[in-house]
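Undergrad: Only the shape, not the letters, is given here:
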């Protein structure tokens, strides 16, 4: 597959979404492309949130910021419209979920700043390519996510604990999983913790705070990565008057390839 | 040398500077530590400048941002004072250089935001450790720097060309130089260009825009890295009412170790 073909696949997927021909979850769509979590906030909060992301790059790997007054991600998806091209959006007012919508066109304001944040699909592809199976994918479940005792570095109005995702990895593949994911710092990167969940404030892996519980077999270790739920949870905890996000699993698909963000 | 000893060496160096016992250039001081370029700007410009750095991580690798009202780099040098602990500062008003001072205490305002940006000392240490000689160091010259035709990604008030530094590398060591510097994305990282200076808008290597001309031998290629002069030049070009920087060569020494920022 050439780069051109891949790029068209991303633009095509966005076009099908924008024209209301498709509204599913984006896992596996336009493979090879980086998909983004969205957090859209009023300009008053934008400096603090940008700084929060700068200080916490593992949970908040920024791919692009669209300034107030603009709706086009010129760096990662030129020609796209951030208000219409994700397959679903959530609206929060004063920190409370109020609606899930197909498009933000009727809700848009010119003072809104859009943050596109890397998601774990990139490094999950790299792991499966490297022969490391992912149980939540095999079982068609959502990854298990936990609120930890690991603090984030606060910035202005924003602070709170890091949320992590957990994947069970065979002990003999843990080193390889660290190596493979280390290459993708723009999409959460290396694990933040391996083994003993109590060390990071997780009392019981059977009861994730988000997502589905995932079985861990005797020859496996739980391995934890910083999760993109962190910035959303942190942003909502300060009860912003208005905030938009993508709907769960319905990411914004960029033109960028996973390899564009790989280091070494 | 233990981590504790190294940390003390950085704190000690800052203490000697703050107490006015030492005012030299910081190359080679507190070895193993990350040193930072400084750019200090009024809050009105802080979001745009932070966004400029986010969009241009190779020339503008942010180590830390100190919010308005604070003078302590709590993440990279807790206990330090950004107004007093660099060995020298420059003051610019409306984009014009007006004074070089030992301390910013008498010039400080509560609306100033401080940006600490990675400098090339970290990857230069890694290169010499890997047996790659650096001619400008051997000849005690300043590295040669050039304004290129490579555009930066603009952000609000900030835009302009990328400035690069050039180091002649033996052809047989060019690959190794790429590998070694790729490990340090927080301090400019991998080269942006190898060979043919005209490809990036440099007509003549004998006439650098900043620093000293450096001889290139027949078995060497000129290799170009994004340079920390870029954010200073870009910031000054929009003629901010007030801006402070470190004085040339007199960096701010952090507690962080080079290895803290290495990937893989």
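TA: Yes, it's here. Computed from a predicted structure; not experimentally measured.

Undergrad: Straight-line length of stretch A:20-39, end to end?
TA: Using Cα to Cα, to the nearest Å, the end-to-end distance of stretch A:20-39 comes to 22 Å.

Undergrad: Show me which residues of chain A sit near chain B.
TA: A:46-47, A:50-51, A:53-55, A:62, A:64-65, A:67, A:75, A:153, A:155-156, A:179, A:182-183, A:185, A:263-264 (Cβ under 8 Å from any Cβ of the partner chain). Backbone N, C-alpha and C define where each C-beta goes, glycine included.

Undergrad: Need the per-residue pLDDT for residue A:25.
TA: We have a pLDDT of 87 for residue A:25.

Undergrad: which residues touch it?
TA: For residue A:25, the contact set (Cβ atoms under 8 Å, 6 or more residues apart in numbering or on different chains) comprises A:87, A:249, A:250.

Undergrad: Kindly report the same for residue A:186.
TA: A:34, A:61, A:63, A:118, A:122, A:261 are the contacts of residue A:186 under Cβ under 8 Å, 6+ apart.

Undergrad: Quick check: pLDDT value at the residue nearest to it when sequence neighbours are not counted.
TA: Leaving aside its chain neighbours, residue A:186 sits nearest to residue A:261 (3.9 Å; criterion: Cβ to Cβ, 6 or more residues apart in numbering or on different chains). In this model, residue A:261 is scored at 89, pLDDT.

Undergrad: For stretch A:209-216, buried residues please.
TA: By neighbour count with 16 or more other Cβ atoms under 10 Å in any protein chain shown, stretch A:209-216 contains the buried residues A:210, A:211, A:214, A:216.

Undergrad: who's in contact with it?
TA: Residues contacting stretch A:209-216 (Cβ under 8 Å, 6+ apart): A:135-136, A:139, A:141-147, A:163, A:165-168, A:205-208, A:222, A:229.

Undergrad: Okay, and which of those map to strands?
TA: Here DSSP state E is the test, and those give A:144, A:145, A:146, A:147, A:163, A:165, A:166, A:167, A:168, A:222 as lying in strands.

Undergrad: Can you tell me, leaving aside adjacent residues, what's nearest to the third one?
TA: In space, not counting the residues next to it along the chain, residue A:146 is nearest to residue A:202; the distance is 4.8 Å by Cβ to Cβ, 6+ apart.

Undergrad: cool, the fourth one as well?
TA: Take residue A:147 and drop its neighbours on the chain: the residue closest to it by Cβ to Cβ, 6+ apart is residue A:209, 4.7 Å away.

Undergrad: so how far is residue A:237 from the one you found?
TA: Distance of residue A:209 to residue A:237, computed by Cβ to Cβ, to the nearest Å: 14 Å.

Undergrad: picking that back up, PyMOL command to pick out the buried ones of the contacts of stretch A:209-216?
TA: To isolate the buried subset of these in PyMOL, counting by 16+ other Cβ under 10 Å, use the following:
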select buried, chain A and resi 135+136+142+143+144+145+146+147+163+165+166+167+168+205+208+222+229
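
Undergrad: How far does stretch A:39-53 stretch from one end to the other?
TA: 11 Å.

Undergrad: Which segments of chain A make up each domain?
TA: Following automatic domain parsing, chain A resolves into domains at A:3-119+A:235-259, A:121-231.

Undergrad: Check for me that residue A:39 belongs to a helix.
TA: No. Counting by DSSP: H, G, I helix; E, B strand; the rest coil, residue A:39 is not part of a helix but strand.

Undergrad: Determine the three-state secondary structure at residue A:116.
TA: Per three-state DSSP, residue A:116 ends up strand.

Undergrad: Return the distance of it relative to residue A:85.
TA: As judged by Cβ to Cβ, residue A:116 and residue A:85 stand 11 Å apart.

Undergrad: low-confidence ranges in chain A?
TA: The model of chain A has pLDDT under 70 over residues A:1-7.

Undergrad: Please work out how many residues are found near the closest residue to chain B within it.
TA: Closest contact between chain A and chain B, by Cβ to the nearest Cβ, is at residue A:47 (4.3 Å). For residue A:47, the count of nearby residues is 22 (other Cβ atoms under 10 Å in any protein chain shown).

Undergrad: In a helix, it, correct?
TA: Yes. Under three-state DSSP, residue A:47 sits within a helix.

Undergrad: Leaving out chain neighbours, which residue sits closest to it?
TA: For residue A:47, ignoring the flanking residues on the chain, the nearest one in space by Cβ to Cβ, 6+ apart is residue B:47 at 4.3 Å.

Undergrad: quick one: contacts for the one you found?
TA: Residue B:47 makes contacts with A:46, A:47, A:50, B:156, as judged by Cβ under 8 Å, 6+ apart.

Undergrad: from those residues, which single one is nearest residue B:21?
TA: residue A:47 (37.3 Å; Cβ to Cβ).

Undergrad: Count the neighbours of the closest residue to residue A:257 other than its chain neighbours for me.
TA: Spatial nearest neighbour of residue A:257, excluding adjacent residues (Cβ to Cβ, 6+ apart): residue A:32 at 5.5 Å. When neighbours are counted by other Cβ under 10 Å, residue A:32 registers 17.

Undergrad: now swap in residue A:252 and tell me
TA: Number of residues near residue A:252 (other Cβ under 10 Å) recorded here: 28.

Undergrad: Bridged to it, which residues?
TA: For residue A:252, the beta-bridge assignment (DSSP bridges) gives partners residue A:36.

Undergrad: my read: it touches residue A:82, true?
TA: Yes. Here residue A:252 reaches residue A:82: they are 7.0 Å apart, a contact under Cβ atoms under 8 Å.

Undergrad: any common contacting residues for those two?
TA: A:38, A:73, A:116.

Undergrad: export those residues to CSV and tack on neighbour count?
TA: Output for the shared contacts of residue A:252 and residue A:82, formatted as CSV (neighbours: other Cβ atoms under 10 Å in any protein chain shown):
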residue, neighbour count
A:38, 23
A:73, 24
A:116, 28
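
Undergrad: about what we covered before: now do the contacts for the residue nearest to residue A:186.
TA: A:34, A:118, A:122, A:184, A:185, A:186, A:187.

Undergrad: wait, isn't the residue nearest to residue A:146 in contact with residue A:145?
TA: No. Contact criterion Cβ under 8 Å: residue A:202 and residue A:145 do not qualify, at 10.3 Å.

Undergrad: Quick check: buried residues in stretch A:189-198?
TA: By neighbour count with 16+ other Cβ under 10 Å, stretch A:189-198 contains the buried residues A:189, A:190, A:191, A:192, A:193, A:194, A:197.

Undergrad: ok, residues contacting it?
TA: By Cβ under 8 Å, 6+ apart, stretch A:189-198 touches A:57-58, A:61, A:123, A:146, A:148, A:150, A:162, A:164, A:166, A:174, A:177-178, A:181-182, A:199-200, A:203-205, A:221-226.
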